[in-house]
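Enquirer: Predicted model and sequence below, questions to follow.
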Amino acid sequence: MSFTENLGKAETLLARYDGAPILNHIGGEDRAAASGATFETISPIDLSVIGTAARGDATDIDAAAKAAHDAFPAWRDMDGAKRRAILHKIADGIVARAEEIALLECVDTGQALRFMSKAALRGAENFRFFADKAPYARDGQSLFANNQMNVTSRRPIGPVGVITPWNTPFMLSTWKIAPALAAGCTVVHKPAELSPVTARILMEIAAEAGLPPGVWNLVNGLGEEAGRTLTEHPMIKAIAFVGESATGKLIMKQGADTLKRVHFELGGKNPVVVFADADLERAADAAAFMIYSLNGERCTSSSRVLVEASVHDDFTAILADKAKRLKIGHPLDPDTVVGPLIHPEHEAKVLSYFDIARDEGVTIAAGGEKVTAGDFGAGCYVAPTLFTGARQSMRIAQEEIFGPVLTAIPFADEEEALSLANDVAYGLAGYLWTGDVTRAMRFSDNMDAGMIWVNSENVRHLPTPFGGTKESGIGRDGGDWSFDFYMETRNVAFATAPRAVPKLGL
């Protein structure tokens, strides 16, 4: 569709939020916040108000936790094949409303349509993948010992809290909630307050698919109000959180008194390591894609590029040219690659690093400025940026910026490259480009990151584990690793032959 057609469809879809707040959904019922309070959600395109959402607080979270607690026994005991059927219906509903989801997510978050269209369909894939695992979620192993047979099985942990971020919020909500439901858990979902629109659509799809009341509850609200109550609530057995590392640390403290199980997908300062024997053009395409797509607002973005010194200047020149040629524009324009950042506060944070970079003496090879030409001045538009001449000790090389900002650092040899790659607080992802397979195996074995791609950008395969080390998180998503978090494993030991039982005191 054309830009004009996309705008027209989006305006029609947005009309439902004009004067009608986005409601919470608790125990199968749509509800305003108990206090009656609401908060505004704005579009980063031009800072216009999309609408309002119910501002849930402790009272609403408590009601949602009780609804999830009451619904848990029946959902836990439902035959896995029946859960599979419901989850597949949710996937069908996502596909049916994929265009609506994509258009509204663009307006709500500023992400470009070329990426959000795929993200909506990935949400359906997530539900289908875990739906097919639901009938087997409780399966375990038989372990034999001398005169004993041990049988393991898994059981859902109970009601869980899911707190999702504002970057690609729809897809990441499905990524967390689908395995929880497949495992037999019930859910209280608190989406990020900056992007509440598509979480509501996902809830509607689930209800229409026949999900029983109370199995999935949605409460909008602020982190210090609704979020804190969720992480501290005694009926909530675990918290799955996607967001920044500082918030993850806070959630861990808040959940300590109730011994909450936590699963964190947190920040990253992910390196792309490029050796001279790599295909430099492909490596540059991949590095540009992983930092400038999704506006650089992605946990696995390649925000550092470490380049062998002999090709550093040539490689960064290629990258700078690519960054300068990217189309910045309205997210509903099919040609747009980089849209506005999520919110003025986040934009200000990203822009502050341009001043930091100048103070630290680096070269701004591309970007380094707010885009204000034409209609862009009203929104949160930042030019795709490349810093060169950086050193490892600089803040731009150590801190997560979470925008379309890439820092390049040269290295002399493999030993230095590995040291640079690992010398940050984070360990989510790494990308390695080399023509030497032996080096690739050796180097990747020593990178301190949860996920590493060799001669590739981030290409996800759902059965594989997803997660990080150090301050990038705790736990793994994907395949059966998701069930390790949402389920408890227990063992039953059977004596298979008579044996003498010890008699104390004789």
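Expert: That came through fine. Keep in mind it's a predicted model, so treat the numbers as computed, not measured.

Enquirer: Quick check: residue 293 is in a helix.
Expert: Yes - the assignment for residue 293 is a helix, going by DSSP: H, G, I helix; E, B strand; the rest coil.

Enquirer: ok, now which ones touch it?
Expert: 112, 115, 337 (CB atoms under 8 Å, 6 or more residues apart in numbering). For every residue, glycine as well, the C-beta is placed using N, CA and C.

Enquirer: Kindly report the domain assignment for the protein.
Expert: 3-266+472-490, 271-454 (automatic domain parsing).

Enquirer: Quick one, which of those domains gets closest to residue 498.
Expert: domain 3-266+472-490 (8.3 Å; CB to CB).

Enquirer: how far is the closest one from where the chain is centred?
Expert: The chain centroid and the centroid of domain 3-266+472-490 are separated by 11 Å, computed with CA atoms, centre = their mean, to the nearest Å.

Enquirer: Tell me the span between the first and last residue of it.
Expert: 55 Å (CA to CA, to the nearest Å).

Enquirer: State the distance from the residue nearest to residue 258 when sequence neighbours are not counted to residue 223.
Expert: Once flanking residues are discounted, residue 258 sits nearest to residue 234: 5.2 Å by CB to CB, 6 or more residues apart in numbering. Applying CB to CB, to the nearest Å, the value for residue 234 to residue 223 is 19 Å.

Enquirer: Of those two, which one has the most company?
Expert: Between residue 234 and residue 223, counted using other CB atoms under 10 Å, residue 223 has the larger neighbour count: 17 against 10.

Enquirer: Hmm, residue 247 and that one touching each other?
Expert: Yes - Residue 223 is within contact range of residue 247, at 7.1 Å (criterion: CB atoms under 8 Å).

Enquirer: OK, contacts around residue 404?
Expert: Counting by CB under 8 Å, 6+ apart, residue 404 touches 291-292, 295-296, 338, 367, 382-385.

Enquirer: on that earlier part again, which of the contacts of residue 293 fall within helices?
Expert: residue 115 (DSSP state H).

Enquirer: Now, of the contacts of residue 293, which are buried?
Expert: Buried subset of these (neighbour count, 16 or more other CB atoms under 10 Å): 112, 115, 337.

Enquirer: And the pLDDT at residue 377?
Expert: Looking at residue 377, its pLDDT reads 88.

Enquirer: How many residues are close by it?
Expert: Count around residue 377 with other CB under 10 Å applied: 11.

Enquirer: That one: what secondary structure?
Expert: Secondary structure, three-state DSSP: residue 377 is helix.

Enquirer: Give me the distance between it and residue 370.
Expert: In terms of CB to CB, residue 377 sits 8 Å off from residue 370.

Enquirer: One more: residue 501?
Expert: Where residue 370 is concerned, residue 501 sits at a distance of 77 Å (CB to CB).

Enquirer: between these two, who's got more neighbours?
Expert: Under the criterion of other CB under 10 Å, the comparison of residue 501 against residue 370 puts residue 370 first, with 18 against 6.

Enquirer: Let me see the contact set for residue 118.
Expert: Counting by CB under 8 Å, 6+ apart, residue 118 makes contact with nothing.

Enquirer: correction: residue 307
Expert: Residues near residue 307 by CB under 8 Å, 6+ apart: 274, 315-316, 408-411.

Enquirer: quick one, phi psi at it?
Expert: Dihedral pair for residue 307: phi -120, psi 130, per degrees, to the nearest 10.

Enquirer: who's it bridged to?
Expert: Per DSSP bridges, the residues bridged to residue 307 are residue 274, residue 410.

Enquirer: for the closest residue in space to residue 449 that isn't next to it in sequence, helix, strand, or coil?
Expert: Among residues not flanking residue 449 along the chain, residue 430 sits closest, at 4.1 Å (CB to CB, 6+ apart). Applying three-state DSSP to residue 430 yields a three-state assignment of strand.

Enquirer: What residues are bridge-paired with residue 430?
Expert: Assigned bridge partners for residue 430, using DSSP bridges, are residue 452.

Enquirer: Let me know how buried it is, in neighbour terms.
Expert: By other CB under 10 Å, neighbour count at residue 430 equals 26.

Enquirer: what's the pLDDT at the spatially most central residue of the chain?
Expert: With distances taken as CA atoms, centre = their mean, residue 172 lies nearest the centre of the chain, 4.7 Å away. pLDDT for residue 172: 98.

Enquirer: wait, doesn't it sit right on residue 162?
Expert: No - applying CB under 8 Å as the test, residue 172 and residue 162 come out as separate, 9.7 Å apart.

Enquirer: Verify the stated contact: residue 159 with residue 188.
Expert: Yes - with contact defined as CB under 8 Å, residue 159 and residue 188 form a contacting pair (6.7 Å).

Enquirer: Compare the two (neighbour count), which wins?
Expert: residue 188 (31 against 28).
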